[in-house]
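# Sequence below, structure please.
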Amino acid sequence: MSKINVAIIGVGNCASSLVQGVYFYRKAKEGQFIPGIMHTRLGGYHIGDIEFKLGIDIDRNKVGKDLSEAIYTKPNNTFKFHSVPKLNVPVVRGMTHDGLGYYLSQIIKKAPGPTADIVGLLKQTKTDVVINFLPVGSEEATKWYVEQVLAAGCAFINCIPVFIASQKYWQQRFTERGLPVFGDDIKSQVGATILHRVLVNLFNDRGVKLERTSQLNVGGNTDFLNMLERSRLVSKKVSKTQAVTSQLKYDMGAENIYIGPSDYVAWLKDRKWAHMRLEGRTFGDVPLNIELKLEVWDSPNSAGVVIDAIRCAKLALDKQLGGAMIEPSSYFFKSPPVQYPDYICREKTEQFITKHGMKKRTKR
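Reported below is the predicted structural model:
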């Protein structure tokens, strides 16, 4: 199998965990259990087949550095679980647009110089898959990058809550170019969204009427700092909310559900605390309430999911599939083009891998 050439837009904590993870498991044995990974070799592609070719950022502290150095550069503050060797992969100056909000601009200064020739670099590096890790609320910046990706002829994985894969306009654009798009808004291995969905489905399965629910999240990474600017939160709240309400068979009313980030606590660093409450009614109209707290390191929690998405994207490229990839998007993302219950998402993604993966040769 060939290698999978990957470019990353936004060299923050998520990029750091992704790059660390690829090198941490680069020589994993066939069939080895790896937390957060569907298969060591997925559709014929091993984790070690992922090669990073380009980093794109606007931070003057990261632009010009090797990707292996930039992923550990402040304000990145995620868990360091593996040392990455020098990759000889440059971090180039990207386009800003609305990618730098008020609060982030207090700690990040733009690198001098013009925006790099993104299309030219993607072609030059023979990039297969481009990953979007821009800050929440980067609507115009994301759309600008999507145009560059389409022009360069790459697959696109949209890990943030700007709606691309789930929108007919962009689906059609990727279909016309014969390129796959995955998204939107990455779903963590065991994060607040997947846990909330599981609990909602538990209520459904056991016949409990969910009447009210909330999810309050706090963290100390730049994502939470950025989301103090409430105007950047619109798509994030929509994404997280519909990921949960899509599992209900009835409309519980907008006033009875609140899901979204609530505050920034610097000393938490890349840890996230998610506080959830579900209020329901059981047999005899008797109340049943659940409260829980989830604590995770936010970025490593989604890195394995992105590794699987990258390999599915390469399978789609190999088979020249264009448009939104419905099955893997439903499993890997909060706001996919089509929402299914999670066990169905998993089944459909496995079927996608079996159908489009490299077939094993049988011995004669």
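# what about residue 64, which helix or strand?
For residue 64, there is no enclosing helix or strand under DSSP states H and E.
# for residue 329, same thing?
In this structure, residue 329 sits in helix 326-332 according to DSSP H and E.
# And that helix, how far out from the chain middle?
With CA atoms, centre = their mean, to the nearest Å as the basis, helix 326-332 stands 12 Å off its chain's centre.
# Can you read off the pLDDT for residue 346?
For residue 346, the pLDDT comes out at 95.
# Sketch out the helices for the stretch 151-300 of the chain, chain order is fine.
168-177, 192-205, 222-226, 234-245, 300-318 (DSSP state H, counting those that start in this stretch).
# Find the residue ranges of this protein scoring beneath the pLDDT cut-off.
Within the chain, the stretches with pLDDT under 70 are 1, 360-364.
# Helix, strand, or coil at residue 335?
coil (DSSP: H, G, I helix; E, B strand; the rest coil).
# isn't it right next to residue 184, touching?
Yes. Residue 335 is within contact range of residue 184, at 4.6 Å (criterion: CB atoms under 8 Å). Every residue, glycine included, has its C-beta placed from N, CA and C.
# Now for those two: what residues contact both?
Shared contacts of residue 335 and residue 184 (CB atoms under 8 Å, 6 or more residues apart in numbering): 161, 163, 166, 239.
# residues near the nearest residue to residue 267 once chain neighbours are set aside, how many?
Nearest non-adjacent residue to residue 267, counting by CB to CB, 6 or more residues apart in numbering: residue 220, 6.0 Å away. For residue 220, the count of nearby residues is 20 (other CB atoms under 10 Å).
# Tell me if I'm right that residue 220 and residue 273 touch.
No. Applying CB under 8 Å, one finds residue 220 not in contact with residue 273, separated by 9.7 Å.
# if we can go back for a sec, just checking, which of the helices of the stretch 151-300 of the chain sits deepest inside the structure?
Of all the helices of the stretch 151-300 of the chain, helix 300-318 has the most neighbours on average by mean count of other CB atoms under 10 Å, namely a mean of 24.
# so how far is that helix off the chain centroid?
For helix 300-318, the distance to the chain centre is 10 Å (CA atoms, centre = their mean).
# between that helix and helix 192-205, how many degrees?
Relative orientation of helix 300-318 versus helix 192-205 (axes from the mean of the first three to the mean of the last three CA atoms, to 10 degrees): 90 degrees.
# contacting residues around residue 142?
By CB under 8 Å, 6+ apart, the contact list for residue 142 reads 132, 134, 158, 160, 162, 164.
# for the second one, helix, strand, or coil?
The reference is to residue 134. Assigned with three-state DSSP, residue 134 falls in the coil class.
# Contact partners for it?
Counted by CB under 8 Å, 6+ apart, residue 134 has contacts 9-10, 99, 141-142, 145, 160, 162.
# would you list those residues in CSV and tack on distance to residue 54 and secondary structure?
Shown next, in CSV, are the contacts of residue 134 (distance: CB to CB, whole Å; DSSP: H, G, I helix; E, B strand; the rest coil):
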residue, distance to residue 54, secondary structure
9, 9, strand
10, 12, coil
99, 17, coil
141, 17, helix
142, 17, helix
145, 12, helix
160, 18, coil
162, 21, coil
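# export those residues to CSV and tack on distance to residue 21?
Shown next, in CSV, are these (distance: CB to CB, whole Å):
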residue, distance to residue 21
9, 18
10, 16
99, 24
141, 25
142, 23
145, 23
160, 19
162, 24
